[in-house]
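>>> Return a 3D structure for these sequence lines:
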Amino acid sequence: MKVSLWLLLGLAALLGACTPGGVAPTSPPSSTQPQVAVTFFDVGESGDGILVATWEEKYMLIDGGRRNSGVVGALQALQVPRIDVLVATNPDADHIGGLIDVLKTVPVGEVWLSGDTNTTITFEDFLDAVSASQAEVHAARQEDVIRLGSLSAQVVNPSEPLFQSRNDNSVALRLEFGQVSFLFTGDMEAKAEGRLVQSGVNLRATILKLGHHGSRTSTSAPFLAAVQPEVAVYQAGADNRYGHPHPETLALLAAAGVPVYGTGRNGVIVITTDGAGYRIETER
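Take a look at the predicted model:
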């Protein structure tokens, strides 16, 4: 089996005149083999929004940016019929705001949460949308396994006892497909990273989604050494008021020889893999 033709056409439409942003030194995916496509949506100044689509037409959405982030329209452009697994990495508005309309618009099978709460109207509206969706709800904890058809994602964070910081309690997932793996970190910061490194959990990943939009509070040197990524991706708008990604993070990655892609600079980023090699394509 292969990724559906309509999905590939949808990705091409989403990217517009797609320009290769870089290709791994391994071979690109073959159209005759099972593939996974990971799309990092451009959700604006701040926020995450990531779609994992498999050759079995299974879909995982990790965060949705702020309200009116455009994620619903992007899913419609890709003709995504449902979300099998929806992950809200933390209860902040730049992660869950866009998920409210997703839950109202697209059938959702499972919802995975960090278990943290917030006092915002956005969080209240999000909970109402989750309840109305009738999806199965889970509090993610380390060693939980999230099934996505033939694939599975390992929850590496949070773990007990929880931190006081919502960021450090972000849901972090490691997704492995053959020889290619992804580590999605939400807004996880140095305290949680340090606990993970000390725990000995497998953090190695080919593609690292930088924590907290590339902030200096995340991607500590010990954590980066444990992950050993080939590529890093951040999600933050160009010239955002937070200064993401921070120069310190970019310098650390440059010193480690890790190329960095970001939605603020590259727009939508799509990484496709057949489990042996991977290809990175960007909107600009």
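>>> Every contact and neighbour count from this point should use C-alpha atoms.
Fine.
>>> How are the helices of this structure distributed by residue range?
Taking DSSP state H, the helices of the chain run over residues 5-15, 71-77, 93-105, 121-133, 190-199, 221-227, 247-255, 263-266.
>>> any chance of these in CSV, plus distance to L148, mean pLDDT and mean neighbour count?
Compiled in CSV, the helices of the chain are given as follows (distance: least, CA to CA, whole Å; pLDDT from 0 to 100; neighbours: other CA atoms under 10 Å):
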stretch, distance to L148, mean pLDDT, mean neighbour count
helix 5-15, 17, 51, 16
helix 71-77, 18, 96, 18
helix 93-105, 18, 97, 23
helix 121-133, 19, 98, 16
helix 190-199, 24, 97, 17
helix 221-227, 23, 98, 17
helix 247-255, 31, 97, 15
helix 263-266, 25, 94, 20
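>>> Quick one: closest of those helices to G277.
Closest approach to G277 among the helices of the chain (CA to CA): helix 5-15, 17.3 Å.
>>> isn't E56 right up against L148?
No - judged on CA atoms under 8 Å, E56 makes no contact with L148 at a distance of 9.1 Å.
>>> hang on, the earlier thing: tabulate the helices of the chain (CSV), appending distance to A140.
Conversion of the helices of the chain to CSV gives the following (distance: least, CA to CA, whole Å):
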stretch, distance to A140
helix 5-15, 29
helix 71-77, 23
helix 93-105, 16
helix 121-133, 16
helix 190-199, 15
helix 221-227, 21
helix 247-255, 27
helix 263-266, 27
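>>> To S114, which of those lies closest?
helix 93-105 (11.8 Å).
>>> How about residues contacting that closest one?
46-49, 63-72, 88-90, 122-123, 125-126, 129-130, 133 (CA atoms under 8 Å, 6 or more residues apart in numbering).
>>> switch the cut-off to 7 Å
46-48, 63-69, 71-72, 88, 122, 125-126, 129-130, 133 (CA atoms under 7 Å, 6 or more residues apart in numbering).
>>> Got the phi and psi for Q228?
Phi and psi for Q228, reported as degrees, to the nearest 10, are phi 50, psi 60.
>>> From here on, call the first residue 34.
Yes, from this point I'll number from 34; that puts the last item at Q261.
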